[in-house]
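**Q** structure for the following, please:
(chains A and B)
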Amino acid sequence: AQSVSQHNHHVILSEAASLELGCNYSYGGTVNLFWYVQYPGQHLQLLLKYFSGDPLVKGIKGFEAEFIKSKFSFNLRKPSVQWSDTAEYFCAVIGNAGNMLTFGGGTRLMVKP
Amino acid sequence: DSGVTQTPKHLITATGQRVTLRCSPRSGDLSVYWYQQSLDQGLQFLIQYYNGEERAKGNILERFSAQQFPDLHSELNLSSLELGDSALYFCASSVGWFGTGGSPLHFGNGTRLTVT
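**A** Next comes the predicted model:
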């Protein structure tokens, strides 16, 4: 069965700091990978997705993620965070033979102004 | 706005009761998914329907059931409610279903269920 681990449960950064949130998955075959963001009191929104091709994926709001197949990782990055990036971030994976999108436990990011 | 509509936004009910949560997918989306979000369990996949048929089942309790109607809206029925069922229930929709290019899910705003 596929699974997703987000090791950082809570991250606190100051504005303009760089961000990297870890995501590791467990699945032996081809995967599709996603990062979703949930702003306080809102629904989950898609930040970016990886299906195939260039392993460096650029998403909305200056976010990017890099798929490293050998490490089973899909870390989310942003060079300079803003207060408005305060939210919970979820990594998700689906294997090509699977029929279920599995989410990680989420990382709560707080950006101090 | 994701285009996925969920009603009601909030629901407060007593243990042992039954409730129905409603979801209207984005226009053109054939798949509907239900997720439960709680503090201790995170985001748990419950069930998926595609064009009226059940396609995938996750950690859905036997007390819970769902269906997708011909107009593609979906309902999640929760019965014999327990305190532990208190959570945020999200509906999501997508064009295809899992396994066909992994079409991204678009989430609704959720229904917050409180069981007292």
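
**Q** rest of the way, CA atoms for contacts and neighbours
**A** OK.

**Q** OK, contacts around A:Asp54?
**A** By CA atoms under 8 Å, 6 or more residues apart in numbering or on different chains, A:Asp54 lies in contact with nothing.

**Q** spell out which parts of chain A neighbour chain B.
**A** Chain A comes close to chain B at residues A:32, A:42-46, A:49, A:51, A:94-106, as judged by CA under 8 Å from any CA of the partner chain.

**Q** ok, so what distance separates the residue nearest the centre of chain B from chain A?
**A** Most central in chain B under CA atoms, centre = their mean is B:Trp34, positioned 2.7 Å from the mean C-alpha point. Remark: distance between B:Trp34 and chain A (CA to the nearest CA, to the nearest Å) = 11 Å.

**Q** and the helix or strand hosting that residue, average pLDDT?
**A** Taking DSSP states H and E as the criterion, B:Trp34 maps to strand B:31-38. Mean pLDDT, computed over strand B:31-38, is 92.

**Q** pLDDT at B:Gln48, what is it?
**A** Confidence for B:Gln48, expressed as pLDDT, is 91.

**Q** picking up where we left off before, so who does the residue nearest to the centre of chain B touch?
**A** Per CA under 8 Å, 6+ apart, neighbours of B:Trp34: B:45-48, B:76, B:89-92.

**Q** tally of neighbours for A:Gln42?
**A** Counted with other CA atoms under 10 Å in any protein chain shown, residues neighbouring A:Gln42 total 14.

**Q** contact partners for it?
**A** Going by CA under 8 Å, 6+ apart, A:Gln42 touches B:Asn109.

**Q** give me phi/psi at the residue lying closest to B:Glu82 once chain neighbours are set aside?
**A** What sits nearest to B:Glu82 in space, not counting adjacent residues and going by CA to CA, 6 or more residues apart in numbering or on different chains, is B:Thr15, at 5.1 Å. The phi/psi pair for B:Thr15 (degrees, to the nearest 10) reads phi -60, psi 150.
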